[in-house]
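Visitor: Provide a 3D model corresponding to the input given below.
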Amino acid sequence: MDTRAKVYEILKSFSTTMLVTCGHGKRAGSRPMQIAKADEGGDVWFFTSTDGGVAEEISREPAVLLVFQNERTAYLSLRGRARMVEDRALMQRLWKEPFRVWFPEGPADPDLALLAVEPVSAEYWDNRGRNRLEYLFEAAKAYVTGTRPEVSEPEQHAKVNM
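Guide: Numbers count the residues shown, from 1 in each chain. Model prediction:
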């Protein structure tokens with residue numbers, strides 16, 4: 001499996017992420033976001049408000065960071081460029097009823113927009129499945145010998161230009 005495909009395989013195992021943006025005074029701000037869709041080899045989509053802090057921060061600085069963590073088995077850091085999209089047909093297609101908690105008017109909400117993040121680079125650490133067994137063995141061996149665990153690259157860890 002190539003490393004780009006691995007990024008999307010890991011990405012699809014997550015339903016939420018922490019979106020990190022550049023806020024006022026160049027201070028990093030973050031908030032949890034529920035993923036609406038992750039296009040294979042393309043954008044990661046979210047619902048947001050046109051009048052909220054995310055829209056304001058993206059208009060000033062579109063560079064963002066998405067941070068994913070699944071207990072102790074999978075981690076993904078994805079850098080990208082964000083853009084606001086106001087496509088009602090696409091909103092209808094991506095809408096899921098749990099989004100109504102944050103957007104009570106549903107996909108017809110006039111302040112509703114999509115946030116698309118185009119991945120630029122990623123880094124992952126994958127200790128799921130067989131990788132988990134290998135990692136546990138390497139961690140135990142490192143602990144006993146006073147060394148660092150050996151990580152299988154790119155199966156368990158890689159930096160990827162998207």
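Visitor: was I right about P62 contacting M84?
Guide: No: taking contacts as CB atoms under 8 Å, P62 lies outside contact range of M84: 9.4 Å. The C-beta positions use only the backbone N, C-alpha and C, and glycine is treated the same way.
Visitor: what about the residue lying farthest from the centre of the chain, distance to A116?
Guide: Residue farthest from the centre of the chain, counting by CA atoms, centre = their mean, is T145 at 35.5 Å. Going from T145 to A116 by CB to CB, to the nearest Å gives 47 Å.
Visitor: same deal with F68?
Guide: From F68 over to A116 (counting by CB to CB), the distance is 17 Å.
Visitor: And L19, by the same measure?
Guide: L19 is 12 Å from A116, where distance means CB to CB.
Visitor: List the beta-bridge partners for P119.
Guide: The partner list for P119 in beta bridges (DSSP bridges) reads G80.
Visitor: Near it, how many other residues are there?
Guide: 23 (other CB atoms under 10 Å).
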